[in-house]
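S.K.: can't give you the sequence, but here's the structure:
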């Protein structure tokens, strides 16, 4: 009888131990990091929605109690992001990294594989956030170019090289820039990636450029479905200048007497010549969704090349280059100059919430503001997913970790199941 009770207690203890082990594993996503000494240690990614019992469907439904939990988490400031060094070390063992982070298990449907996409990332910090965005949009049949700022830290650069080494169809741009805010280098960074992407073996249909604080609002399959509806047209913001002519009407200086880049281009009183070929100027965003045919035109066209050279000494040329070129008569996917303006609310590429337009064009920011741009909070989950755009800017787990976790969860649930 004693033997029976002993075995019963032992089985109960084993069951409790295994249950706790499963719960702990469920709380964290783990992957192996190979240390310099040859051993291994485990990095644990926090899952605050699990730890605090947060239901993302309830967040989507705007249930007050559930939203209250997210505010409590933000006040506690318990989120800890992996450092650039951690990501660099994690990618020193590619097999462990690809398996641990689930890249090797990601597959697309035949519908998606028939319509491959390309991406240009222009990034400069927070390797963990870049990796998280990459994993959210990754498909092995797509192609991804990473351009890191030459001013970036050594650990960040090492982490980006690690991602490119460990993940198929991810590579570093062959030519890198020292990126200056509002300078021509920001535009050239994307152009460098576009050139490399054209040379890749992947015959992608559309290319999208992103920064380090963007995050998808659609699955790859949903995005492909929307892009097919464009039928070769581009998705680019393009509006009349409305007082921004100063950006290109005078010469701007990029460097000082020591050949060091200014923080931003400095305007002068020296007037510039009009744009070449009598190009009519439009303004918009640095971010785009472009067809392959249009990118080929930009790469080989003398008009585009001369317009780029003319834009070298303008202010924030990335915000007029694409907006203007899509209006040039005869370009692939042309938007006629007589067509209505394409505002950021019409262009689906990126959803940005400006503080000065809140409560007019969209609801107030529930996260935080940086330079008049909203970093979204969890209470905006429903609005973000239902507005119709493809990517959100800006998302940062250091401001609200629950929003990103819920986006990841919902997008994963919506991925089409392979037959």
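M.R.: Here it is on my side, so go on. Everything numeric here is computed off the predicted structure, so don't read it as measured data.

S.K.: any stretches of the chain with poor pLDDT?
M.R.: Scanning the chain for pLDDT under 70 picks out the ranges 1-45, 419.

S.K.: list the contacts of the residue nearest to the spatial centre of it.
M.R.: In the chain, the residue lying closest to the centroid (CA atoms, centre = their mean) is residue 214, at 3.5 Å. When contacts are counted by CB atoms under 8 Å, 6 or more residues apart in numbering, residue 214 touches 133, 350, 391-395. (Glycine included, C-beta is placed from N, CA and C.)

S.K.: give me the contacts around stretch 126-136.
M.R.: Contacting residues not belonging to stretch 126-136 are listed as 81-84, 86-88, 101-103, 121, 123, 144, 146, 155-156, 159-160, 163, 167, 170, 210, 212-216, 396-397, 404, 407-408, 411 [CB under 8 Å, 6+ apart].

S.K.: no wait, stretch 101-110
M.R.: With contacts defined as CB under 8 Å, 6+ apart, stretch 101-110 is touched by 29, 31, 97-98, 131, 135, 138-141, 166-168, 220-221, 416, 418-419.

S.K.: how far does that stretch stretch from one end to the other?
M.R.: With CA to CA, to the nearest Å as the measure, the ends of stretch 101-110 fall 23 Å from one another.

S.K.: helices of the stretch 101-250 of the chain, residue ranges please.
M.R.: Remark: helices assigned in the stretch 101-250 of the chain by DSSP state H, counting those that start in this stretch are 110-113, 127-137, 154-166, 184-199, 220-230, 246-249.

S.K.: dump these to JSON lines, plus mean neighbour count and distance to residue 366.
M.R.: Below are the helices of the stretch 101-250 of the chain laid out as JSON lines (neighbours: other CB atoms under 10 Å; distance: least, CB to CB, whole Å):
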{"stretch": "helix 110-113", "mean neighbour count": "14", "distance to residue 366": "33"}
{"stretch": "helix 127-137", "mean neighbour count": "21", "distance to residue 366": "20"}
{"stretch": "helix 154-166", "mean neighbour count": "20", "distance to residue 366": "29"}
{"stretch": "helix 184-199", "mean neighbour count": "21", "distance to residue 366": "29"}
{"stretch": "helix 220-230", "mean neighbour count": "17", "distance to residue 366": "25"}
{"stretch": "helix 246-249", "mean neighbour count": "18", "distance to residue 366": "33"}
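
S.K.: wait, which of the ones you listed is closest to residue 301?
M.R.: Among the helices of the stretch 101-250 of the chain, helix 184-199 comes nearest to residue 301, with 12.6 Å by CB to CB.

S.K.: packing partners for the closest one?
M.R.: Contact analysis of helix 184-199 by 3 or more CB pairs under 8 Å, 6 or more residues apart in numbering; DSSP states H and E lists strand 117-123, strand 143-148, strand 206-210, helix 292-300, helix 318-325 as its packing neighbours.

S.K.: ok, which of the ones you listed comes nearest residue 53?
M.R.: Of all the helices and strands packed on helix 184-199, it is strand 206-210 that lies closest to residue 53, at 32.2 Å by CB to CB.

S.K.: can you list contacts of the closest one?
M.R.: Contact with strand 206-210 is made by 117-122, 133, 190, 193-194, 197, 227, 230, 286-292, 295, 349, 390-391, as judged by CB under 8 Å, 6+ apart.

S.K.: neighbouring strands - and their directions - for it?
M.R.: Neighbouring strands of strand 206-210 in its sheet, by DSSP bridges, are strand 117-123 (parallel), strand 288-291 (antiparallel).

S.K.: may I see these organised as JSON lines, with mean neighbour count added?
M.R.: Below are those laid out as JSON lines (neighbours: other CB atoms under 10 Å):
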{"stretch": "strand 117-123", "mean neighbour count": "25"}
{"stretch": "strand 288-291", "mean neighbour count": "24"}
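
S.K.: out of those, nearest to residue 268?
M.R.: Among the strands paired with strand 206-210, the nearest to residue 268 by CB to CB is strand 117-123 (27.1 Å).

S.K.: tell me what angle that closest one forms with strand 143-148.
M.R.: Orientation of strand 117-123 against strand 143-148 (axes from the mean of the first three to the mean of the last three CA atoms, to 10 degrees) gives an angle of 10 degrees.

S.K.: quick one: residue 328 and residue 303 touch, right?
M.R.: Yes. In this structure, residue 328 is within contact of residue 303 by CB atoms under 8 Å, at 6.8 Å.

S.K.: strands of the stretch 1-150 of the chain, residue ranges please.
M.R.: With DSSP state E, counting those that start in this stretch as the criterion, the stretch 1-150 of the chain has strands at 28-34, 40-46, 117-123, 143-148.

S.K.: with the stretch 301-419 of the chain instead?
M.R.: Remark: strands assigned in the stretch 301-419 of the chain by DSSP E, counting those that start in this stretch are 350-352, 368-370, 373-375, 391-393.

S.K.: okay if I get those as CSV plus mean neighbour count and distance to residue 49?
M.R.: Shown next, in CSV, are the strands of the stretch 301-419 of the chain (neighbours: other CB under 10 Å; distance: least, CB to CB, whole Å):
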stretch, mean neighbour count, distance to residue 49
strand 350-352, 23, 22
strand 368-370, 15, 20
strand 373-375, 21, 18
strand 391-393, 24, 18
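
S.K.: can I get these in CSV including distance to residue 71?
M.R.: Shown next, in CSV, are the strands of the stretch 301-419 of the chain (distance: least, CB to CB, whole Å):
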stretch, distance to residue 71
strand 350-352, 23
strand 368-370, 13
strand 373-375, 15
strand 391-393, 20
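
S.K.: determine which of the ones you listed approaches residue 55 most closely.
M.R.: Residue 55 lies closest to strand 391-393 among those, at 20.9 Å (CB to CB).

S.K.: report all helices and strands that that closest one contacts.
M.R.: Applying 3+ CB pairs under 8 Å, 6+ apart, we find strand 391-393 packed against strand 214-216, strand 350-352.

S.K.: now tabulate those strands in JSON lines and tack on distance to residue 360.
M.R.: Listed next are the helices and strands packed on strand 391-393 as JSON lines, based on distance: least, CB to CB, whole Å:
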{"stretch": "strand 214-216", "distance to residue 360": "24"}
{"stretch": "strand 350-352", "distance to residue 360": "14"}
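
S.K.: wait, which of these is closest to residue 239?
M.R.: strand 350-352 (14.3 Å).
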